[in-house]
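A.B. asks: Model the structure of this input:
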Amino acid sequence: MDMLANLATMANVARENAYVPYSNFRVGVALLTTEGKIYTGCNIENVSFGATCCAERVAIFKAISEGHKDFKAIFITSDEKDYIYPCGICLQVMVEMDIPVIYVTNGEGEIRMYKLEELITSPFKDF
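C.D. replies: Predicted structure coming up:
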């Protein structure tokens, strides 16, 4: 199985674990490290919406907590018919961790690839 198909499969499996009792908007992510390890994440909601965590950050934080800080790509999927994109907070975290490539899908399984700087043009930088 090629890398992109593997990421898609793992993101779809992760999406099944989403905890979304309020929005019913399931998101799954597969994050590829430069060493070839893949971390997955799903969105986890909370009635106090500020305590909700997006799938992208779940996967990134899992990888960081296990000592991985060099990333190659992230693959994002949902149940939606249209393409979905990372929120601003997740994009800012991706800037911090220098994740260069973002793959997004739609309900037909079509994939679009973006470079991080295409989706966040004016991120916060080190001061």
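
A.B. asks: contacts, neighbours, all on C-alpha from now
C.D. replies: Fine.

A.B. asks: and the nearest residue to Ala51 once chain neighbours are set aside, how many neighbours?
C.D. replies: Residue nearest to Ala51 in three dimensions, not counting chain neighbours: Glu45, with 7.2 Å by Cα to Cα, 6 or more residues apart in numbering. When neighbours are defined as other Cα atoms under 10 Å, Glu45 has 21 of them.

A.B. asks: Correct me if wrong: Glu45 contacts Cys53.
C.D. replies: Yes - the criterion here is Cα atoms under 8 Å, and Glu45 meets it with Cys53 at 6.5 Å.

A.B. asks: what is in contact with these two at once?
C.D. replies: By Cα atoms under 8 Å, 6 or more residues apart in numbering, Glu45 and Cys53 have no common neighbours.

A.B. asks: quick one on the thing from earlier: could I get the contacting residues of the residue nearest to Ala51?
C.D. replies: Residues in contact with Glu45 (Cα under 8 Å, 6+ apart) are 19-22, 51-53.
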